[in-house]
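>>> pasting the structure only:
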């Protein structure tokens, strides 16, 4: 992977009059970390093209190496992972998981099923992010996972259990990653009998489960689905390398550039993700269209441009919670009050995103109502210059760069983005890419 990049303590963004151009997206975080684990659990070697190079994938790669999985980086865009066929060569390891939910949750399930003696821990915020629903589901069917800190949260100690259930249940209303973790581990449990995973309550972020099921199929495992309430893996299936696999560009990262085109002229084209993407966050473009932007889609690209003043939006964003953060900042440029609903999952992400977003939107002059699972944003007459705190959350930094743009309804203003290194979690070169489309941006 690339050398550690140096970031200043803050980045100052001057007002940007117009944006246009194209951006090649980094690989999808969701696809990258799922693919790495599936490749590790498979029989055979898998060549992975365009793997995301970021903090979260570094965490997964380091964990796999600690577990005895061999991998190599062949060139800047190609990795080869040698699968261990559902086993792990190293039975005892201490794994640092950073703040990567896409790494710790699937790994927890796989390690609990395969068995060994493992500890998993991360940064302070990781130890505040819930994992209890997943641990409860696994321990109820014979896993031996214990909390070494606060119950319900990492750090974890995993010992060898006996996990061979017919049925298991997991709550679906906190994070879809818990179901993803159980689905990915299910073929390891279904050696001689079917395993059914039942979802208790509403399942949030369904498009992320679609990513999981799609990738499992590519690695040779088919999941039978009864709506969104239960999922069954028949016995005898095992992960087999597809030989090579390509990681799509990150649709969540695409949202910032598409929104920029919708706010400040455009056209702005993102390359690496298109109309046939397996990522639900491409539906962000639909929300921009609802707000009045002009969006066009190709096989491997999406383009957005302004079509006048953005319209306020009132919509349910449960299906795209990450990309919905971008809508919250785009709402600063709308013709009235916007309401983003059913986003309670924001509170258990890299930070409490509902509280953080409300605080920072108020800094630029917006009137904000923050509810348990919604946010209501009324834009100011004029955006105010502000120093934006990022809460060690990559999406806060990337979203608020947009507040420097001049839209049809109101002018952007100077923004200081504190602690810009947080973008390394998913998009290390974000600010360079943003500067590239800013036609008069000064950094």
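Perfect, I can see it now. Given the structure is predicted, the values throughout are model-derived calculations rather than measurements.
>>> mind checking how far residue 19 is from residue 308?
16 Å (C-beta to C-beta, to the nearest Å). Any C-beta I mention is one placed from the backbone N, CA and C, and that applies to glycine too.
>>> Report the contact partners of residue 224.
Taking C-beta atoms under 8 Å, 6 or more residues apart in numbering, we find residue 224 in contact with 231, 232, 233, 234.
>>> Swap in 6 Å and give it another go.
residue 232 (C-beta atoms under 6 Å, 6 or more residues apart in numbering).
>>> swap in residue 71?
Shown in contact with residue 71 (C-beta under 6 Å, 6+ apart): residue 81.
>>> ok so, going back, neighbour count: residue 19 and residue 308, which is higher?
residue 19 (29 against 12; other C-beta atoms under 10 Å).
>>> quick one: that one and residue 259 touch, right?
No - Residue 19 is beyond contact range of residue 259, at 9.9 Å (criterion: C-beta atoms under 6 Å).
>>> need the contact list for residue 275.
Neighbouring residues of residue 275 by C-beta under 6 Å, 6+ apart: residue 297.
>>> rerun that using 8 Å as the cut-off
Each residue near residue 275 by C-beta under 8 Å, 6+ apart is listed here: 282, 297, 298, 299, 302.
>>> Can you verify it is assigned to a helix?
No - assigned with DSSP: H, G, I helix; E, B strand; the rest coil, residue 275 falls outside any helix and is coil.
>>> Relative to residue 164, how far out is it?
42 Å.
>>> Okay, residue 62 and residue 341: tell me how far apart.
Separation of residue 62 from residue 341 (C-beta to C-beta): 38 Å.
>>> Hmm, I typed the wrong one, I wanted residue 225.
For residue 225, the distance to residue 341 - C-beta to C-beta - is 26 Å.
>>> Same drill for these two, tell me which one is more crowded.
residue 341 (16 against 12).
>>> what pLDDT does the more buried one get?
Here, the pLDDT recorded for residue 341 equals 98.
>>> so it makes contact with residue 314?
Yes - with contact defined as C-beta atoms under 8 Å, residue 341 counts as touching residue 314 (7.5 Å).
>>> quick one, domains of this structure?
What the TED database lists as the domains of the chain is 10-27+248-437, 29-233.
>>> Need the winner for burial among the ones you listed.
domain 10-27+248-437 (a mean of 21; mean count of other C-beta atoms under 10 Å).
>>> now the end-to-end length of it.
20 Å (C-alpha to C-alpha, to the nearest Å).
>>> re the thing from before, can you tell which of the domains of the chain is closest to residue 241?
domain 29-233 (3.5 Å; C-beta to C-beta).
>>> Indicate which one of the domains of the chain is closest to residue 242.
Closest among the domains of the chain, once you apply C-beta to C-beta, is domain 29-233, at 5.1 Å.
>>> Find the nearest non-adjacent residue to residue 165, please.
Leaving aside its sequence neighbours, residue 165 sits nearest to residue 141 (C-beta to C-beta, 6 or more residues apart in numbering; 3.7 Å).
>>> Now do the SS call for the one you found.
Quick answer, by three-state DSSP: residue 141 is coil.
>>> and it, what are its phi and psi?
phi -120, psi 20 (degrees, to the nearest 10).
>>> again with residue 16
As for residue 16, its main-chain torsions (degrees, to the nearest 10) stand at phi -110, psi 120.
>>> That one is in contact with residue 415, isn't it?
No - between residue 16 and residue 415 there is no contact under C-beta under 8 Å: 10.0 Å.
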